[in-house]
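>>> Dropping the sequence and predicted coords here.
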Amino acid sequence: MFIKKLGIDLGTANTLVYAPNKGIVLNEPSAVAMSEPDNKVVAVGTEAKEMVGKAPDNIHVYRPMKDGVIADYRVTEAMLRYYISKALGKLNFFKPDVMVSVPAGVTSTERRAVIEATMRAGAKNAYVVKEPILAAIGAGIPIYEARGHMIVDIGGGTTDVAVISLGGIVASTSVKHAGNKIDQAIADYIKKTFNLAIGDKTAEEVKASIGSAIPVEEELVYLIKGRDFMTGLPRSVEVRTNEIVRAMDNELKEILRAIKVVFQETPPELAADIIDQGITMTGGSSQLRNLSELVYRKTGVKAYLADEALFCVAKGTGIALEHLGTYKKSIISKR
């Protein structure tokens, strides 16, 4: 059974590839390791991410997607080529139709870069669709109804907030406050409070293990290992959930501000629909404990986490590819 269509959720942190009838065939970090003098690709994906902060001088690990758009064109193309060929397998002779997601606030130049990179990486046709629309499709929302649906898609590089009605985006914003910035805030807090340097990977583990969006009564404890700033030697400290809540506070405020901004731009009839239906949260970073509760407390609108929140956009690309006719109004550009 040859694969002729692929959907790619090209994210800052992770790239997911979806094949119709097969589901998610690939879920790897968006990272590429290159060797310095000869510019060869050494590793891509999971293998490259494991090298972050641990590679020798002559190997550089790039995160080619910054804030959800292509920051390094050449590296992105190499990464896409690797993912497309890995998802297709060795015996596939067809060039696939590929659909790629882009953030809602993407410019036409950035959009063209995505299409060019996808075509050069071996696609027959390339389609580009905005992330909130794909997230909504993947979360099972009927986007063509004349009703308002609010999607909050919190990824690694960007948080996209959008109100969707009749298959299009009515009001939206995209802010560069998401998973990566939250990890950074945790690392900064640990540095200030304990004089301890930790890497991004450790910060992410702390967030996933004990993080919460609102203070909790029963705190979890995590043992952080890092390097002491004063002595330069390795050291470990214990942190508790509510300390991490404080560390993430500012970043979460920015995400809530984005939601409020979109509400202010939403026509009243659609706002009424959203009160009835609630806000749908998608994306990997929306899985933070109690985040939907925080959104409810600050906006007064019920929020709930979509099923398989991390995979919503990728599932959306797959569904849209299978039903191109139905969703063609939502495709913003193709080649």
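Looks like it came in fine. Numbering: from 1, shown residues only.

>>> how about the helices of the stretch 201-335 of the chain, start to end?
For the stretch 201-335 of the chain, the helices defined by DSSP state H, counting those that start in this stretch cover 241-265, 268-277, 291-299, 312-322, 324-327.

>>> what about this structure, any weak spots by pLDDT?
Filtered on pLDDT under 70, the chain yields the residue ranges 1-2, 67-68, 91, 332-335.

>>> ok, now which ones touch the residue of it most remote from its centre?
Seen from the C-alpha centroid of the chain, the residue lying at the greatest distance (Cα atoms, centre = their mean) is T231, 36.9 Å away. With contact set as Cβ atoms under 8 Å, 6 or more residues apart in numbering, T231 has no partners. C-beta coordinates here come from the backbone N, C-alpha and C atoms, glycine included.

>>> For V206, see how far away it is.
To V206, T231 is 22 Å away according to Cβ to Cβ, to the nearest Å.

>>> how close does the residue farthest from the centre of the chain get to C312?
45 Å.

>>> One more: V32?
25 Å.

>>> who's more crowded, the two?
C312 (30 against 26; other Cβ atoms under 10 Å).

>>> my guess is that one contacts A139, does it?
Yes - applying Cβ atoms under 8 Å, one finds C312 in contact with A139, separated by 4.9 Å.

>>> joint contacts of these two?
Joint contacts of C312 and A139 (Cβ under 8 Å, 6+ apart) are T282, A306.

>>> any idea which of the helices of the stretch 201-335 of the chain is most buried?
helix 312-322 (a mean of 26; mean count of other Cβ atoms under 10 Å).

>>> Pull the residues that contact it.
By Cβ under 8 Å, 6+ apart, the surrounding residues in contact with helix 312-322 are 5-9, 11, 16-20, 23-24, 97, 99-101, 127, 129, 131, 133-139, 153, 282-283, 306, 308, 327, 330-331.

>>> got it, and stretch 93-102?
2-10, 68-69, 84, 88, 110-111, 114-115, 118, 122-131, 134, 313, 316-317, 320-321, 331-332.

>>> Drop the exposed ones from the residues you listed and show what's left.
By neighbour count, with 16 or more other Cβ atoms under 10 Å, the contacts of stretch 93-102 hold 3, 5-10, 68-69, 84, 88, 111, 114-115, 118, 123, 125-131, 134, 313, 316-317, 320-321 as buried.
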